[in-house]
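Chemist: What follows is a predicted structure for the sequence shown.
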Amino acid sequence: MHTPIPDYLHEVLENTRDDGEVATYIPELARANPDLLASALCMSDGKIYAAGDIHERFTIQSISKPFVYALALQERGFETVLDKIGVEPSGESFNSASLDPRTQRPENPMVNIGAIATHALVRPEASRDERFEAVRAGLSAFAGRELDVDEAVYASEMGTAFRNMSLAYLVRSVDGFTQDPADIVEGYTRQCSILVDVRDLAVMAMTLANAGINPITQERVVDEHVAQQVLSVMTTCGMYDAAGDWMTQVGIPAKSGVAGGIIGALPGQVGAAVFSPRLDPVGNSVRGVQAFERFSGDMGMHLL
Ligand code: DON
């Protein structure tokens, strides 16, 4: 007898253990209900299975980074993007000043310094607001619905964005981009404040796993070689300094965000997402990691 998939998802969620702390460096995130918990799987035919607090919306945060990297690669081409941002794991925390000592490029697009530089690559001549709109529209195409911004989280993060501001000035000082650093941080922070639920994230992950075609709308959002590049960088850099633990124990390309979301993409097969706000010291959702370990073990998702 097989367990129906929604019952299986409930069982996995119920058996995750609750420790860790919600993010507090963005004051508005500290107000999140720490007990929220949800998961969704999106299959290659667009079928979605979900369980838990599936209607709860939360800010995408760093999970936006691979998708904006995809938009930058699609718009500007590999040469331009790789000239500005590397693809090496930094081995440092997500908000470090991770510049390659030889080239002065940010080490990769998944850490804040690289994601800020990536944001600047989208529509470089446009105004701050036009650039953000291109990012919002692009992420919406990945999700298959129009996404909007949590203005309270945006304002809260901008009030304490001293670290990201300094990272942006650092990249600007080595000609990583030519725009006003404050405009770029504002746009990047709005990008992180886009609201999603677990189903959106599962569809977004499946679009990458589906070689760039949204499995629901059937829109080609990015080219196949762009999706491949993004999944490759997620594999080595997506879980920050826990990337090695993640790759050995779960074994699929993934990305986490400080609001508590995690996505995983198994090429050709499934996009998965878990949401639970309590984080481990690295900044990854505690129950999210546990749920993905179960998914990987139970469903044989490990790539190797
Ligand atoms: O820039 C920041 O610090 C946040 N907007 C995003 C950081 C983040 O999600 C790190 N992930 N675990």
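Modeler: Nice, I can see it.

Chemist: Quick check, Ser90 in contact with Val111.
Modeler: Yes. The criterion here is C-beta atoms under 8 Å, and Ser90 meets it with Val111 at 5.4 Å. All C-beta spots, glycine's among them, are computed from the backbone N, C-alpha and C.

Chemist: out of the two, which sits in the busier spot?
Modeler: Remark: of Ser90 and Val111, Val111 carries more neighbours, 26 against 23, as counted by other C-beta atoms under 10 Å.

Chemist: any idea how far the ligand is from the more buried one?
Modeler: According to C-beta to the nearest ligand atom, to the nearest Å, Val111 and the ligand sit 9 Å apart.

Chemist: How about Asp45?
Modeler: On the measure of C-beta to the nearest ligand atom, Asp45 and the ligand end up 30 Å apart.

Chemist: Please look at that residue and Ile216 and confirm they touch.
Modeler: No. With contact defined as C-beta under 8 Å, Asp45 does not count as touching Ile216 (9.6 Å).

Chemist: Which neighbours do Ser90 and Val111 have in common?
Modeler: Common contacts of Ser90 and Val111, defined by C-beta atoms under 8 Å, 6 or more residues apart in numbering, comprise Ser96, Ser98, Cys237.

Chemist: ok, and does stretch 10-21 reach over to the ligand?
Modeler: No. Residues of stretch 10-21 are not located near the ligand by C-beta under 6 Å from any ligand atom, the shortest gap being 12.1 Å.

Chemist: Between Asp45 and Ile216, which has more neighbouring residues?
Modeler: Ile216 (18 against 9).

Chemist: Can you pull the residues of the stretch 101-250 of the chain lying near the ligand?
Modeler: Residues of the stretch 101-250 of the chain lying near the ligand by C-beta under 6 Å from any ligand atom: Asn112, Glu157, Asn164, Cys192.

Chemist: Top of those residues by number of neighbours, please.
Modeler: That'd be Cys192 among those, by other C-beta under 10 Å, with 28 neighbours.

Chemist: Now it: closest residue in space, sequence neighbours ignored.
Modeler: Gln61 (4.8 Å; C-beta to C-beta, 6 or more residues apart in numbering).

Chemist: swap in Asn108?
Modeler: The shortest distance from Asn108 to any residue other than its chain neighbours is 4.4 Å, reached at Cys237 (C-beta to C-beta, 6+ apart).

Chemist: quick one: contacts for that neighbour?
Modeler: Neighbouring residues of Cys237 by C-beta under 8 Å, 6+ apart: Val87, Glu88, Pro89, Ser90, Glu107, Asn108, Pro109, Met110, Val111, Ala243.

Chemist: One more pass at 6 Å, please.
Modeler: Pro89, Asn108, Met110 (C-beta atoms under 6 Å, 6 or more residues apart in numbering).

Chemist: picking up where we left off before, now distance to Gly52 too, for the residues of the stretch 101-250 of the chain next to the ligand, in TSV please.
Modeler: Below are these laid out as TSV (distance: C-beta to C-beta, whole Å):
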residue	distance to Gly52
Asn112	29
Glu157	26
Asn164	31
Cys192	23
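
Chemist: okay, the residues you listed in a markdown table with pLDDT next?
Modeler: As requested, these are exported to a markdown table (pLDDT from 0 to 100):
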| residue | pLDDT |
| --- | --- |
| Asn112 | 97 |
| Glu157 | 97 |
| Asn164 | 98 |
| Cys192 | 98 |
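
Chemist: Looking at those residues, which one is closest to the ligand?
Modeler: In terms of C-beta to the nearest ligand atom, no member of these lies closer to the ligand than Cys192, at 3.5 Å.

Chemist: thinking Glu28 is in contact with Val153, fair?
Modeler: Yes. Contact criterion C-beta atoms under 6 Å: Glu28 and Val153 qualify, at 4.6 Å.
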